[in-house]
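> Dropping a prediction and its sequence here:
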Amino acid sequence: MARYLVGVDNGGTMSKAAVFTEDGRELAVAGRKVELVELHSGWSERDMNAMWAGSAAAIKEAIEKSGVDASEIACVCCTGHGNGLYLIDADGNPVRAAINSMDGRAAAIIDQWTTDGVDAKALPKTAQCIWPAQPNALLAWLRDNEPESIKKADSLLMAKDYIRFKLTGNVNMELTDMSGTSLMNVVTGQYDDEVLEIFGISEMKRLLPPLVKTADVCGKVTAEAAAATGLSVGTPVAGGMFDIDACGLASGCVDERQFVIVAGTWGNNQYIAREPLVDAGLFMTSCYSIPGWYLMLEGSPTGAGNLEWFADEFLKDKKELLKLQGGGSAYGWADAEVAKMTPQADDPIFMPFLYGSNVGAPVKSAFFGLENRHSFNDVMRAVYEGCIFSHNYHLQRLYAFRDKPEVVRLTGGAAKSPVWVQMFADIFQVPVEVPDGTELGAMGAAVAAAVACGIYDSYESAVAAMCRVARRHEPNPELAAVYAARYQRYLKYVDALKSCI
């Protein structure tokens with residue numbers, strides 16, 4: 001009998017599901033947009049019930065589109081954005097709206113912890129920087145500003161853990177996600193009372209569910225979930241993983257040779273190693289899905305979400321026109337226009353800080369170098385380029401800890417654009433490969449599902465059988481000098497913004 005796998009991915013803006021064969025072929029994909037709510041400046045929330053409804057609908061549609069009999073689905077696995085905060089009460093109901101990973105309400109708490117040296121004290125155990133959207137800071141903020149929410153709460157979850165709970169009725173926190181929250185000891189892979197004590201949130205220990213691993217079977221699809229999703233009652237559900245781990249697996253990252261970039265709402269840049277790197281100069285070390293490996297990451301909310309904002313705000317008329325003309329996407333039109341252009345030394349430069357910064361200060365977005373001769377397309381191209389400059393900023397930090405890679409694997413929304421991928425290769429001056437498939441987060445989840453249900457006996461064998469490279473982009477050496485000069489201008493503008501704070 002054929003065996004199929006379902007991967008579910010809840011990212012910053014979309015809930016998606018995909019059906020895969022056991023050799024990694026993507027049969028069908030479906031998605032639902034997540035509505036974000038910003039009640040105040042710097043806040044970002046989502047309705048948890050709506051997110052589950054969207055995920056369930058996406059699963060059901062993907063199964064129907066695939067033509068697969070639900071009884072032949074061997075396992076389901078979920079992934080999703082890390083950090084933020086999903087609280088449920090003892091009955092499994094949301095305590096309040098979920099807080100997203102771009103939220104900034106706890107910035108003052110982070111500033112105070114940094115001033116007091118709390119971050120430095122925690123670093124040997126947490127192995128990561130602290131920032132406002134981590135659950136440690138958000139729990140402290142809720143304690144001080146919404147004590148009723150903390151009182152009602154019974155369990156703390158991440159995005160994908162909440163969806164797994166809705167599928168199975170079982171409450172667990174999965175290791176890779178938890179290891180990115182500054183709520184545990186990353187070096188030992190266990191909860192640690194001293195970590196909570198350092199942050200002054202010892203009373204939050206009661207909210208931490210039992211830990212599970214990525215490929216642990218954590219329950220089976222309930223009758224209620226089956227009715228909502230089209231899955232069969234009793235289908236096994238794996239532990240799942242942080243989306244950076246899912247993209248790592250889908251990119252074939254099983255040892256230290258691979259270097260992976262996730263160009264999505266967050267711009268993440270990562271590699272794995274056997275030993276955890278604990279250094280104040282590194283954004284984050286977390287536990288990887290493959291036991292015994294750690295994931296080193298430089299990332300920030302300065303990625304492809306900037307272009308999504310630009311398209312939503314400034315390409316509305318183009319979207320409507322394309323719709324009237326019978327199809328085509330605004331992103332496809334933008335790609336075609338940008339492809340006609342060659343970078344010039346004095347083109348405008350965009351600072352991709354709409355949702356936060358990665359330069360050690362809360363700087364805001366800006367365009368620099370605009371002149372009256374510049375066109376709309378010059379501005380649009382600057383947005384593409386600025387997002388890559390932000391990734392390059394992270395890469396240069398990672399190069400302090402490892403050699404420059406021979407090749408980079410690129411996933412996320414930007415990977416769908418050949419034009420954008422070529423710009424990555426030209427700016428990095430490193431070949432860039434794009435893994436096969438349209439939804440790499442769901443693909444990584446499917447890899448783990450295949451291990452969880454025993455189709456493959458290891459992540460290495462699952463990756464070898466299921467993951468492939470779709471295309472490779474070689475850098476254009478003739479553009480190296482102009483991009484190097486433009487990146488130096490970008491850094492000068494960063495300093496200029498920081499001086500204005």
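Yep, it's here. Numbering: from 1, shown residues only.

> Okay, buried residues for the helix or strand where G332 lies please.
Assigned by DSSP states H and E, G332 belongs to helix 330-339. By 16 or more other CB atoms under 10 Å, the buried positions in helix 330-339 come out as A330, Y331, W333, A334, D335, E337, V338. C-beta coordinates here come from the backbone N, C-alpha and C atoms, glycine included.

> Check those and tell me the two furthest apart.
Distances among the buried residues of helix 330-339 were taken as CB to CB; the most separated pair is A330 and V338, at 12.4 Å.

> can you map out the strands along the stretch 151-300 of the chain?
Assigned by DSSP state E, counting those that start in this stretch, the strands in the stretch 151-300 of the chain fall at 155-157, 173-174, 211-212, 217-220, 236-238, 241-242, 260-263, 267-273, 284-287, 294-300.

> now swap in the stretch 1-150 of the chain and tell me
Using DSSP E, counting those that start in this stretch, strands in the stretch 1-150 of the chain cover 4-10, 14-21, 26-33, 36-37, 45-46, 73-80, 86-88, 98-99.

> and L167, how far is that from T79?
13 Å (CB to CB, to the nearest Å).

> Tell me where the model's unsure across the stretch 301-450 of the chain.
324 (pLDDT under 70).

> need the strands for it, in chain order.
349-351, 366-368, 408-411, 432-435.

> Which neighbouring elements make contact with the last one?
Think strand 432-435. Contacting strand 432-435 under the criterion 3 or more CB pairs under 8 Å, 6 or more residues apart in numbering; DSSP states H and E are the following elements: strand 408-411, helix 418-428, strand 469-473.

> could these go into TSV alongside mean neighbour count and distance to E194?
Shown next, in TSV, are these (neighbours: other CB atoms under 10 Å; distance: least, CB to CB, whole Å):
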stretch	mean neighbour count	distance to E194
strand 408-411	25	36
helix 418-428	21	40
strand 469-473	14	44
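
> and of those, who's closest to S289?
Of those, nearest to S289 by CB to CB is strand 408-411, at 14.9 Å.

> got a list of what P431 touches?
E406, V407, V408, A425, R472, H473, E474, P475 (CB atoms under 8 Å, 6 or more residues apart in numbering).

> Same check on L207?
By CB under 8 Å, 6+ apart, the neighbours of L207 are L87, L139, A153, D154, S155, L156.

> of those residues, closest to R486?
When the contacts of L207 are compared against R486 (criterion: CB to CB), the nearest one is L139, at 41.5 Å.

> pretty sure the closest one is in contact with E203, am I right?
No: assessed by CB atoms under 8 Å, L139 is found out of contact with E203, at 9.2 Å.

> So between those two, which is more surrounded?
Neighbours per residue, other CB atoms under 10 Å: of L139 and E203, the larger number sits with L139, 26 against 11.

> Per-residue confidence at the more buried one, what does it come out as?
With respect to pLDDT, L139 scores 98.

> which residues touch the closest residue to it other than its chain neighbours?
Nearest-residue entry for L139: M204, 5.0 Å, with adjacent residues in sequence omitted and distances by CB to CB, 6 or more residues apart in numbering. When contacts are counted by CB under 8 Å, 6+ apart, M204 touches L139, R143, I150, L156, L183, L196.

> and the fifth one, what does it touch?
L183 is in contact with P135, N136, Y191, V195, L196, M204, L208, counting by CB under 8 Å, 6+ apart.

> Quick check: the gap between it and L85.
11 Å.

> between these two, what contacts are shared?
Residues touching both L183 and L85 by CB under 8 Å, 6+ apart: P135.

> other SSEs contacting the helix ranked longest in the chain?
Across the chain, the longest stretch assigned as helix under DSSP state H is helix 376-398. Here helix 376-398 touches strand 260-263, strand 267-273, strand 294-300, helix 305-314, helix 330-339, strand 349-351, helix 418-428, helix 480-499, going by 3+ CB pairs under 8 Å, 6+ apart.

> List the buried residues of it.
For helix 376-398, burial by neighbour count (16+ other CB under 10 Å) applies to 378-395, 398.

> okay, the angle between that helix and helix 330-339?
90 degrees (axes from the mean of the first three to the mean of the last three CA atoms, to 10 degrees).

> Output helix 376-398 as CSV, restricted to C-alpha atoms.
The C-alpha coordinates for helix 376-398 follow below in CSV (Å, rounded to 0.1, in the frame of the first residue of the first chain):
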residue,chain,number,x,y,z
PHE,A,376,9.5,53.6,-9.3
ASN,A,377,11.5,50.6,-10.5
ASP,A,378,14.7,51.9,-9.0
VAL,A,379,12.9,52.1,-5.6
MET,A,380,11.4,48.6,-6.1
ARG,A,381,14.8,47.1,-6.9
ALA,A,382,16.3,48.7,-3.8
VAL,A,383,13.8,46.7,-1.7
TYR,A,384,14.9,43.5,-3.3
GLU,A,385,18.6,44.4,-2.7
GLY,A,386,18.2,45.8,0.8
CYS,A,387,16.8,42.5,2.1
ILE,A,388,19.9,40.7,0.8
PHE,A,389,22.2,43.3,2.3
SER,A,390,20.6,42.5,5.7
HIS,A,391,21.3,38.8,5.1
ASN,A,392,24.8,39.6,4.2
TYR,A,393,25.2,41.5,7.4
HIS,A,394,24.3,38.3,9.2
LEU,A,395,26.6,36.2,7.0
GLN,A,396,29.6,38.4,7.8
ARG,A,397,28.9,37.7,11.6
LEU,A,398,28.8,34.0,11.0
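
> how far does it sit from the chain's center?
Relative to the chain's own centre, helix 376-398 is displaced by 18 Å; criterion: CA atoms, centre = their mean, to the nearest Å.

> now swap in stretch 224-235 and tell me
Counting by CA atoms, centre = their mean, stretch 224-235 comes out at 27 Å from the chain centroid.

> do the same with stretch 249-256
So, by CA atoms, centre = their mean, the centroid of stretch 249-256 is 16 Å from its chain's centroid.
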